[in-house]
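J.: sequence plus predicted model, see below.
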Amino acid sequence: MVDKERVDGMKRLTKETVIGFIGTGVMGKSMAGHILEAGFPLVIYNRTKHKASDLIDRGAKWADTPKDLAEASDLVITIVGYPSDVEELYLGEDGILHHLRQGSVAIDMTTSSPALADAIFKSGKEKGISTLDAPVSGGDIGAKEARLSIMVGGEENTFNLAKPLLELLGTNVVYQGKPGAGQHTKMCNQITIASNMMGVSEALLYAKKSGLDPDTVLKSITSGAAGSWSLSNLVPRMIEQDYAPGFYVKHFIKDLKIALHSAKEMELRTPGLELALSLYEQLAAEGEENSGTQALIKLLEA
């Protein structure tokens, strides 16, 4: 435990606040870019350095390890692949919570386990470090256009401090409550998408089979009661047979497993979630784990 009363953290963000960003993948690269464009000093780390080369060319500083990044930063943002990555990154022997200064802030934007988010919060609190769990929704397009939906769990004073930074990344930044609440909210998001992806895939196949023009069908149903983000943004990709990942099948499977585990802990029946998970696991088994989630239609039309 910290000997003195817990440090509240930074009082406010300034353009001298050094932001550390870990994870410059499909979404993280764009997100880090928005922070750089806003004029904050940016330090970055990614397992594969070449994926960060564009950001380095634009002025970001490279850190050789997460430890180096943590020691150089006032506030750290992470968005990585799996809960195991998050756990190692934060709680591992050389994790960032061991190297951030007291009063620093760490924000995990990975879709991860609510229980892990709570564990990270408690570990940070012992060290005088404030943490938030802040997963996002909106895919690669939302990240590029800074239109992400960001759902946040943690202490409200930390959220209020970080909100201006998060608003550089998204247009819908909502405080959900205690540590882990952001991750629980993201599970609600993924459960909704899971069933919706089955529906939009079946609807497109129905339109084709009945002789309708899919693009014309979309003009009618996207603005009606069936309207959804997936219908507006992913069905056009399905029509063009564009299965490039805005969000990987393998990561969606990870999310659905977390949601199902949490639902079972709460003794909640989720038959739609279970069906969607089984279909996506079949899709991955057929070699589509690195495709975008819209590739589900390939399994249903086979």
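T.: Yep, it's here. Residues are numbered from 1 along each chain as shown.

J.: would you agree residue 77 falls within a strand?
T.: Yes. In this structure, residue 77 lies within a strand as judged by DSSP: H, G, I helix; E, B strand; the rest coil.

J.: please enumerate the helices of the chain.
T.: Ranges of helices in the chain, per DSSP state H, are 28-37, 53-57, 66-72, 83-91, 114-126, 139-144, 156-166, 181-209, 214-221, 229-233, 235-239, 249-265, 271-283, 296-300.

J.: gap between the second one and the chain center?
T.: On the basis of CA atoms, centre = their mean, to the nearest Å, helix 53-57 sits 22 Å off its chain's mean C-alpha point.

J.: could you do the first one as well?
T.: Using CA atoms, centre = their mean, the distance from the centre of helix 28-37 to the centre of the chain it belongs to is 14 Å.

J.: do the fourth one as well
T.: The chain centre lies 15 Å from the centre of helix 83-91; the measure is CA atoms, centre = their mean.

J.: number of nearby residues for residue 82?
T.: 16 (other CB atoms under 10 Å). Heads up, the C-betas are built off the backbone N, CA and C, glycines and all.

J.: in contact with it: list those residues for me.
T.: Taking CB atoms under 8 Å, 6 or more residues apart in numbering, we find residue 82 in contact with 110, 112, 254.

J.: picking up where we left off before, between the helices of the chain, which gets nearest to residue 13?
T.: helix 156-166 (5.8 Å; CB to CB).

J.: what does that closest one contact?
T.: For helix 156-166, with CB under 8 Å, 6+ apart as the criterion, the contacting residues are 8-13, 19, 35, 40, 75, 105, 107, 130-132, 134, 150, 152, 173, 175.

J.: go on, stretch 68-81?
T.: With CB under 8 Å, 6+ apart as the criterion, stretch 68-81 contacts 10, 13, 17-23, 25, 27-28, 31-32, 35, 43-45, 61, 63, 86, 89-90, 96, 98-101, 104-110, 136, 162, 165, 251, 254.

J.: mind running it again at 7 Å?
T.: Stretch 68-81 has contacts (CB atoms under 7 Å, 6 or more residues apart in numbering) with 10, 17-23, 27-28, 31, 43, 45, 63, 86, 89, 96, 99-100, 104-110, 251.

J.: now, of the residues you listed, which are buried?
T.: 10, 18-23, 27-28, 31, 43, 45, 63, 86, 89, 96, 99-100, 104-110, 251 (16 or more other CB atoms under 10 Å).

J.: show me the shaky parts of the chain.
T.: Counting by pLDDT under 70, the chain contains low-confidence ranges at 1-10.
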